[in-house]
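Student: coords below, sequence missing:
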């Protein structure tokens, strides 16, 4: 089954968001059908701030390692695309496709001076259309999963803005719509009903169980950076326990679980 077809199943695609070769191998061994990178987890792993703090050259190096570690389909979080002009984004995406990447995330918000803000919908749609056209002209097939951030930014009227943006992006080349931080079943159902794209939601404390998400029409479920963040908490606690207890017992206490 190709990557696009994974978004047309009755059961949503649960994608494992990974940040290194070890996490990619663990996801494959756990039976996941596809991998997606988490830009926030990768940035944290390498000591960068999220929001394209990581260079594209470094991201490509990581993609090479992920592809070597796992044969699963790989989608890459490209944030804003690593390029001011659509032509540069197209060139970047073509490089990733050449490495075996099957999809990317592109987002309609940007981080400037540590503040995230939405790009005007019409401007982003025009940029998206130019990227899609450039990829088609270059013969590069990629699943474009477009992230829209009204819910993430906690905006008033987030549902209405998300629907409007989703419909606009669907008409300008998007293959999927990613709406991080949407959790209310009524909001999820409204987006599914109004936007003709597979809906991708993300791990959040209030996100409904997967079975309910399937009934609501969700087609893709992401982890974001939450798994990586929780593992870092466990690591911090273990290191602290070793130092405080002057013993390696914390390393082995839960080894069988």
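Tutor: Cool, the structure landed. Note that the coordinates shown come from a computational prediction; the quantities given were computed from them, not determined experimentally. Residues are numbered from 1 along each chain as shown.

Student: Run through the helices of the stretch 51-200 of the chain in chain order.
Tutor: Along the stretch 51-200 of the chain, counting by DSSP state H, counting those that start in this stretch, helices occupy 56-69, 86-98, 121-138, 158-170, 185-194.

Student: Identify whichever of these lies nearest to residue 79.
Tutor: Residue 79 sits nearest to helix 56-69 of all the helices of the stretch 51-200 of the chain, at 9.4 Å, using Cβ to Cβ. For glycine as for every other residue, the C-beta is placed from the backbone atoms N, C-alpha and C.

Student: other SSEs contacting that closest one?
Tutor: Identification of packing neighbours for helix 56-69 by 3 or more Cβ pairs under 8 Å, 6 or more residues apart in numbering; DSSP states H and E yields helix 21-29, strand 35-37, helix 39-46, strand 74-77, helix 86-98.

Student: who wins for proximity to residue 56 among the ones you listed?
Tutor: Residue 56 lies closest to helix 86-98 among those, at 6.0 Å (Cβ to Cβ).

Student: starting at the chain centroid, how far to the closest one?
Tutor: Put simply, helix 86-98 sits 18 Å off its chain's centre (Cα atoms, centre = their mean, to the nearest Å).

Student: and residue 5, what are its phi and psi?
Tutor: Reported as degrees, to the nearest 10, the phi and psi values for residue 5 are phi -60, psi -30.

Student: Flag every buried residue along stretch 172-184.
Tutor: 172-182 (16 or more other Cβ atoms under 10 Å).

Student: Quick check: of these, which lies closest to residue 138?
Tutor: Using Cβ to Cβ as the measure, the one of the buried residues of stretch 172-184 that approaches residue 138 most closely is residue 173, at 13.9 Å.

Student: Contacts only, for the closest residue to the closest one other than its chain neighbours.
Tutor: Closest residue to residue 173 in three dimensions, ignoring its sequence neighbours and counting by Cβ to Cβ, 6 or more residues apart in numbering: residue 132, at 2.9 Å. Contacts for residue 132 were tallied using Cβ atoms under 8 Å, 6 or more residues apart in numbering; they are 144, 172-173.

Student: can you list these in TSV and add pLDDT?
Tutor: TSV is the format used below for these (pLDDT from 0 to 100):
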residue	pLDDT
144	98
172	98
173	97
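
Student: what about this structure, any weak spots by pLDDT?
Tutor: The chain contains residues with pLDDT under 70 at 255-257.

Student: what's the angle from the lengthiest helix in it to helix 39-46?
Tutor: Using DSSP state H to define each element, the chain has its longest helix at helix 226-245. Angle, helix 226-245 to helix 39-46, by axes from the mean of the first three to the mean of the last three Cα atoms, to 10 degrees: 30 degrees.

Student: Of all the residues in the helix or strand following helix 226-245, which ones are buried?
Tutor: Downstream of helix 226-245, the next assigned helix or strand under DSSP states H and E is helix 249-252. Within helix 249-252, the residues scored as buried using 16+ other Cβ under 10 Å are residue 250.

Student: Reformat the helices and strands packed on helix 56-69 into CSV and put mean neighbour count next to each item.
Tutor: Putting the helices and strands packed on helix 56-69 into CSV (neighbours: other Cβ atoms under 10 Å) gives the following:
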stretch, mean neighbour count
helix 21-29, 17
strand 35-37, 25
helix 39-46, 21
strand 74-77, 25
helix 86-98, 18
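
Student: Show me the one of these that comes nearest residue 148.
Tutor: Residue 148 sits nearest to strand 74-77 of all those, at 14.4 Å, using Cβ to Cβ.

Student: so how far is that closest one off the chain centroid?
Tutor: The answer for strand 74-77 is 7 Å, by Cα atoms, centre = their mean.

Student: quick one: contacts of it?
Tutor: 3, 15, 34-39, 42, 59, 63, 66-67, 96, 100-105, 143, 145.

Student: what about residue 68, distance to residue 20?
Tutor: As judged by Cβ to Cβ, to the nearest Å, residue 68 and residue 20 stand 12 Å apart.

Student: Settle it for me: which of these two has more neighbours?
Tutor: residue 20 (18 against 11; other Cβ atoms under 10 Å).
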